[in-house]
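> Got a sequence here, can you build the structure:
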Amino acid sequence: MANKSPNIILIMADDLGYSDIGCYGGEIETPNLDALAENGIRYTQFYNCARCCPTRASLLTGLYTHRAGIGHMTKPVDDKGWAAAKKRAAYQGYLNENTVTLAEVLEGAGYQTYMSGKWHVGFNEENWPTNRGFDDYYGIIGGACNYFKPEPARALLGGDQPVAADQEDYYTTDYFSKYAAQFIEDADSDKPFFLYLAYNCPHWPLQAWPEDIAKYKDKYLCGWDKLRGERFKRQKEMGLFDDSVTLSPRDPEAPAWDEVEDKEEWAHRMAVYAAMVDRMDQGIGQVIQKLKDKGEFENTIIMFLADNGACAEPYNPQPDIPAGPVESNTGVWLPWANASNTPFRLFKHWLHEGGSATPFIVHWPDKVKAQRIEQNYYAQVKDFMATFMEVAGAEYPETYNGNDILSSDSKSILGNILGESAENGETIYLEHEGNRAVRSGDWKLVSYYGEDRGWVNRKVGRGRRTGPWELYNMKEDRTELNDLSDAHPDLKADLIQQFEKFAEETCVEDWEVIQRELGHIDDESVR
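Now for the predicted structure:
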């Protein structure tokens, strides 16, 4: 069809570090993503919401997370904190009825809408993808699963029906790619389509095909200290960061590599993680090839990002089983996550750059004719809604399915994609588990929740104290090493006031109160 609106493909990785893929400094083989970057735009200052569910809620609705109903996480209906959380709409754990999704809005503009992968914005059936605007769906409703044998409780669905994963070649990453490619094949060529491909890779458990793991055998015996240095050097050579940016120190909870005794076990752990990312890139290559086969590649916008920074969770319920096979049930752990997030500090959960900054690639051959690295412009996942609406000529509804729809928080970034606007004057806000942040121009106000920096309190914010606000000049100190609170007290006070107003308007609650209602802490908890 002549003058057909562009197809839109939004691809998201799960728990991927800022520097893992090749075009952001990593040594992992990601030729397909690298090719998109070499012929598109790489953003250095794009933000997610630092955690799986909130990021997905904001991405899908164009709203700040609490307004969408997922101020914390999704919860199965039998969770002990479910009844309490439902009393607070901002923490109810599923998309509320006053939201519309990207699929619902684009559907109204004549788009075919498909999704493959991880949903994780509501276990209740009325919030499943095919009930929220997607014409077809294949994937998991929950947040994590066995890659080779997804657990039934995670609700592997084809459309709106449970399906089995009993094929000998089954691996979630492969099948998410397979179905994404099939959706493209099945799409009517006379109409544009929107495809949301949400991998669960490389979220724990660390599981990968042996042939992919073999590619990285002994690759990581160099250790995380050398790896961080090598990645940072490449990032500077690529132009992702200028000479003023300093690599953050190794996380204080990570030992020096020279002091590690079980080096081979640690190196193998990272090799499996790398194999998982490699496999995802192979799948993205299949999707790209399908576009080319159908003659749709030039007229398709492809965007890629991660839902949060690398995961430092000490997840390991079966310590006697090594990373890799179907029986494996472990994570990559803090020292390697610190390397994955090069050059930043902190991790998934936290709103420092290591938790909330994501690689973000935009590829659009019809409109983006030259490769560029965007160092100055910043934006956030909520901004996909306004951007895609502008691309598609869609309208944001005031009502949908008989429900009044909340006003959008989304701001279009299309002008920057097209090279028409260089800076974003928007102030953006983040809050998750008591961690808080404000980004306004060159300045970032941020704090972490917990009684100290020890993992016990950092893990899921199970502390009792909101940490002090820190103030950073992101133009001069992207890795957040020089707190300028004392030098700019008036600016800090103003940004604090702005955050407090935001928190009141979006129903952000004191995290200790929410923890009590969810059953995370009680009066006997260690202070």
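
> Worst mean pLDDT across the helices and strands of the chain, which element?
helix 455-458 (a mean of 44; mean pLDDT, DSSP states H and E).

> what ranges do the helices span in the stretch 1-150 of the chain?
Assigned by DSSP state H, counting those that start in this stretch, the helices in the stretch 1-150 of the chain fall at 31-38, 52-61, 65-68, 82-86, 102-107.

> what do you get for the stretch 251-400 of the chain?
Using DSSP H, counting those that start in this stretch, helices in the stretch 251-400 of the chain cover 263-293, 334-340, 353-356, 384-392.

> Identify whichever of those lies nearest to residue 316.
helix 263-293 (10.1 Å; Cβ to Cβ). Where C-beta positions appear, they are placed from N, C-alpha and C, glycine not excepted.

> Now do the buried residues in the closest one.
266-285, 287-288, 290-291 (16 or more other Cβ atoms under 10 Å).

> and it, what other elements does it pack with?
Secondary-structure packing of helix 263-293 (3 or more Cβ pairs under 8 Å, 6 or more residues apart in numbering; DSSP states H and E): strand 7-13, helix 31-38, helix 172-186, helix 210-214, helix 223-238, strand 300-306, helix 334-340.

> Please identify the most buried of those.
Most buried of the helices and strands packed on helix 263-293, by mean neighbour count (mean count of other Cβ atoms under 10 Å): helix 334-340, with a mean of 26.

> Does residue 180 touch residue 139 like I think?
No - Residue 180 lies out of contact with residue 139 (Cβ atoms under 8 Å); the separation is 9.8 Å.

> Find residues that contact each of these two.
Common contact partners of residue 180 and residue 139 (Cβ atoms under 8 Å, 6 or more residues apart in numbering): 116-117.

> quick one on the thing from earlier: may I see the helices and strands packed on helix 263-293 arranged in a markdown table, with mean pLDDT and distance to residue 313 as well?
Listed next are the helices and strands packed on helix 263-293 as a markdown table, based on pLDDT from 0 to 100; distance: least, Cβ to Cβ, whole Å:
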| stretch | mean pLDDT | distance to residue 313 |
| --- | --- | --- |
| strand 7-13 | 98 | 17 |
| helix 31-38 | 98 | 25 |
| helix 172-186 | 98 | 19 |
| helix 210-214 | 98 | 21 |
| helix 223-238 | 98 | 17 |
| strand 300-306 | 98 | 16 |
| helix 334-340 | 97 | 8 |
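
> Can I get these in JSON lines including distance to residue 251?
Formatted as JSON lines, the helices and strands packed on helix 263-293 follow (distance: least, Cβ to Cβ, whole Å):
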{"stretch": "strand 7-13", "distance to residue 251": "22"}
{"stretch": "helix 31-38", "distance to residue 251": "26"}
{"stretch": "helix 172-186", "distance to residue 251": "28"}
{"stretch": "helix 210-214", "distance to residue 251": "26"}
{"stretch": "helix 223-238", "distance to residue 251": "9"}
{"stretch": "strand 300-306", "distance to residue 251": "19"}
{"stretch": "helix 334-340", "distance to residue 251": "4"}
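
> between the helices of the stretch 1-150 of the chain, which gets the lowest average pLDDT?
Note on those: helix 82-86 shows the lowest mean pLDDT, a mean of 57.
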